[in-house]
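Asks: output the structure for:
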Amino acid sequence: MYGFIKGTIDYIKNNQVCIDTGNVGYLVNISEKTYNELLGESDEIKLYTYTAVREDDISLYGFLSLEELDFFKLLIGVNSVGPKLGMSVLSFFTINELVTHIANKDAKAIAKAPGLGAKSAEKIIIELKDKVASVITEDIEISATLEDDETINECIDALIALGFKKKEAQIAVKKVTDYTDLSDLLSKALVYFDN
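Replies: The predicted structure follows:
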């Protein structure tokens, strides 16, 4: 319905901001991170928006970047995750943190977001694990000890040679906690791609 709203802040409270566009004030729901970034802002702001329509309510959700809006849409596309819960998740995690948890299939970490149970966390992983590669904006973190390990680096290179992306290879290798040699590590890392 609305692509974005641009204007000045009339007021901001309770993770909502009222944007004065001239003659109309739009009340927009925002994440806690966006709320903190906008506090004290006096210049014109621009929020990319998502319009949620229900029988008894029309609500606007606003984001400072298109990337965050796109990820919000992915989240609310998951069965049992509505706009309010999606915003709660984005208030608790950065996109890169969430992508890392999804890629590592870490439901326990995702379930720490307020209002999100273990079942919903599992659904997020199941439904988004194949989609998150396109929204990763930073390399997945690998600990310094792994980064320095020649076997790890050789395995990542081997996976890349097999046609996998570097980020995918890093994630797969990080999932393997116990191996005897390069061949063993490679075979166990490849199992990740079959899941």
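
Asks: look up the closest residue to residue 76, ignoring the ones flanking it.
Replies: For residue 76, ignoring the flanking residues on the chain, the nearest one in space by CB to CB, 6 or more residues apart in numbering is residue 86 at 4.5 Å. Bear in mind the C-beta positions are built from the backbone N, C-alpha and C, glycine included.

Asks: these two touch, right, the one you found and residue 75?
Replies: Yes: judged on CB atoms under 8 Å, residue 86 makes contact with residue 75 at a distance of 4.1 Å.

Asks: pLDDT score for the residue nearest to residue 99 when sequence neighbours are not counted?
Replies: Take residue 99 and drop its neighbours on the chain: the residue closest to it by CB to CB, 6+ apart is residue 132, 4.7 Å away. Looking at residue 132, its pLDDT is 76.

Asks: contacts only, for residue 132.
Replies: With CB atoms under 8 Å, 6 or more residues apart in numbering as the criterion, the residues that contact residue 132 are 99, 102-103.

Asks: where does this protein have its least confident helix or strand?
Replies: The element with the least model confidence among the helices and strands of the chain, by mean pLDDT, DSSP states H and E, is helix 144-147, at a mean of 44.

Asks: ok, the spatially most central residue of the chain to residue 169 distance?
Replies: Centroid check for the chain by CA atoms, centre = their mean gives residue 95 as the closest residue, at 3.3 Å. Using CB to CB, to the nearest Å, we find residue 95 at a distance of 21 Å from residue 169.

Asks: number of nearby residues for residue 63?
Replies: Here the number of neighbours of residue 63 (other CB atoms under 10 Å) works out to 24.

Asks: contacts only, for it.
Replies: Contacts for residue 63 (CB under 8 Å, 6+ apart) come out as 30-31, 34, 47-50, 69, 72.
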